[in-house]
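Engineer: got a sequence here, can you build the structure:
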Amino acid sequence: MHRSYDIAGSRVDLHRAWTRLEIDAAIEAILAGRADALPERMDARIVIKPNLNNDLPSLTGNCVDLRVLGAIIRSLQSRGYSDITVADGSNVGIDRRSIDSFARLRVDRLCEILGVRLVNINVDDGRRLVLHAGAKPLVSRTVLDKDFLISVPKIKTHAEMQLTCAMKNWVGIVVGQDKRQVHYDLGRNILALNELVRPDLIIVDGLVGMEGNGPGDGEPFRLGVLLASDDALVNDLVVARLMDMPWRNVPYLAHAGDAGRVPSSLEALVEQQVAVLHHMEPPPARSVQAKLAEKRWLIWLKLAVRPLVNRPVVARLAYKLRIVQDVYDRRDDTLRVVGRQAERCGDCRICEGFCPTGLSLEQIGTETEPPACIHCLYCWFVCPRSAIQVQGEPHHLERQVSRYGEAIRNL
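Structural biologist: Numbering: from 1, shown residues only. I've put the predicted structure just below:
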């Protein structure tokens, strides 16, 4: 299914997709339908900015699906584009602990086999942009110096902003710990970033969304859509409507409305054209402790107690008290697919639809070296019969499998 919304001079396309073949077809249709907007030069510097906020597997609804990212890259390459970079900077907790989320998500392996650059914005050069409340963060030069910029956000809830999609994705263009400056006045600074740096194309990964206590501890749900647009504000107004979330409940959209960016005519067009697709469960009210932890004037206290908070037992307690959403393990997993028990498979072939490199059922568990297999573990996560065999230590994945394994299998 394909649906287009023409809203105030901006077109938003919605495609139904779930399996890899459906994703490939949808991405090809998106780029073919916007061919006039693509760069004329084949050597143009194209930067893809996905949402790789955390080290949670993408099937939890947190990060961009490797199938989507791979489809975009391959579709661009098939058109002759030769200078493609994937760039993002994970959240401050990941950055502060020097966790390589690109490796944990297997994004590095995907980029390697497809022959594109991967830039960690958290260690990139930057240029300072002036925002609100004294924020002057460094913004990635890789992003600023591009010829063509593609934003690839996720649809998920956010404890502070209620919704995160295209506009919130822009926090990831800020270098390293300077992201904390954006939080001085998060809603207004998200709006300001989007007005200073605009993507040329937005492709929303709405395959698996996250609702409830997002973006780091919510519940995954099957949505099965990809969206494309050229305007982040219109995109997020449409997504808010699709998710049955009043746009004024989303602080950065409310600030846009207060600034006159959402006239009544635009609001009416969205309501008239866009039908609710899913009632997204909003995030719960934040605890008093969580709100205090974000206070700028208490940063000295956060720094003072950080050695204590970094202890695993304290981190788990903070999670139980809903002060934090994330409990990080510095130990990377070493899991890799080593086989498949064919007698258990039956005829479901679910794993085929989730393989980012396009392996068939017969190849999954048999061809286990790159470029055939990047050990993303998608097949292992989704297999309903535990037919996929892996070796290695789960380490950081142990908690994630315990938290999300069943939910992923039931998508």
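Engineer: which element is the residue lying farthest from the centre of the chain on?
Structural biologist: No residue in the chain sits farther from the centre than E343, which is 35.6 Å out by C-alpha atoms, centre = their mean. If you go by DSSP states H and E, E343 is part of helix 342-345.
Engineer: what's the average pLDDT for that helix?
Structural biologist: Helix 342-345 comes out with an average pLDDT of 91.
Engineer: send me that helix as CSV with only the CA atoms.
Structural biologist: Extracted in CSV, the C-alpha atoms of helix 342-345 (Å, rounded to 0.1, in the frame of the first residue of the first chain):
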residue,chain,number,x,y,z
ALA,A,342,16.7,-27.3,9.8
GLU,A,343,14.5,-29.9,11.4
ARG,A,344,13.1,-27.2,13.7
CYS,A,345,12.3,-24.7,11.0
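Engineer: can you map out the strands along the stretch 251-400 of the chain?
Structural biologist: Applying DSSP state E, counting those that start in this stretch to the stretch 251-400 of the chain gives strands spanning 336-340, 388-391.
Engineer: strand partners of the first one, parallel vs antiparallel please.
Structural biologist: If you go by DSSP bridges, strand 336-340 pairs up with strand 388-391 (antiparallel).
Engineer: please save the CA atoms from the strand it pairs with in PDB.
Structural biologist: Provided in PDB are the C-alpha atoms of strand 388-391 (Å, rounded to 0.1, in the frame of the first residue of the first chain):
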ATOM      1  CA  ILE A 388      19.300 -20.500  14.900                       C
ATOM      2  CA  GLN A 389      22.500 -21.500  16.700                       C
ATOM      3  CA  VAL A 390      24.900 -18.900  18.100                       C
ATOM      4  CA  GLN A 391      28.200 -19.000  19.800                       C
END
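Engineer: and the contacts of it?
Structural biologist: Applying C-beta atoms under 8 Å, 6 or more residues apart in numbering, the contact partners of strand 388-391 are 335-341, 351, 364-365, 377, 379-380. Yep, even glycine has a C-beta here, placed from its N, CA and C like the rest.
Engineer: ok, and the most crowded of those residues?
Structural biologist: Using other C-beta atoms under 10 Å as the neighbour criterion, I364 leads the contacts of strand 388-391 with 27 neighbours.
Engineer: contact partners for the residue most central in space within the chain?
Structural biologist: The chain has N51 as the residue nearest its centroid, 2.9 Å off, counting by C-alpha atoms, centre = their mean. When contacts are counted by C-beta under 8 Å, 6+ apart, N51 is found next to 63-64, 88, 152-154, 164, 169, 172, 205.
Engineer: repeat that for L233.
Structural biologist: 167, 194, 253, 256, 261-262.
Engineer: any idea which of these is the one closest to A372?
Structural biologist: M167 (37.5 Å; C-beta to C-beta).
Engineer: which parts of the stretch 101-250 of the chain are strands?
Structural biologist: Using DSSP E, counting those that start in this stretch, strands in the stretch 101-250 of the chain cover 117-120, 126-128, 138-140, 148-152, 154-158, 162-164, 201-211, 219-229.
Engineer: strands paired with the second one, and their directions?
Structural biologist: So that's strand 126-128. Here, using DSSP bridges, strand 126-128 pairs with strand 138-140 (antiparallel).
Engineer: give me the below-cutoff pLDDT ranges for the stretch 251-400 of the chain.
Structural biologist: 287-311, 313-323, 325 (pLDDT under 70).
Engineer: list the buried residues in stretch 130-149.
Structural biologist: Neighbour-count burial for stretch 130-149 flags 131-132, 135, 137-140, 142-144, 146, 148-149 (criterion: 16 or more other C-beta atoms under 10 Å).
Engineer: picking up where we left off before, export the contacts of N51 to TSV and tack on distance to L397?
Structural biologist: Formatted as TSV, the contacts of N51 follow (distance: C-beta to C-beta, whole Å):
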residue	distance to L397
C63	14
V64	18
D88	20
V152	23
P153	24
K154	20
T164	23
N169	25
G172	23
D205	21
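Engineer: so the chain: which segments form each domain?
Structural biologist: The chain is divided into the following domains under automatic domain parsing: 2-273, 288-320, 336-392.
Engineer: do you know which of the ones you listed lies nearest Q400?
Structural biologist: Among the domains of the chain, domain 2-273 sits nearest to Q400 (C-beta to C-beta), with 6.2 Å.
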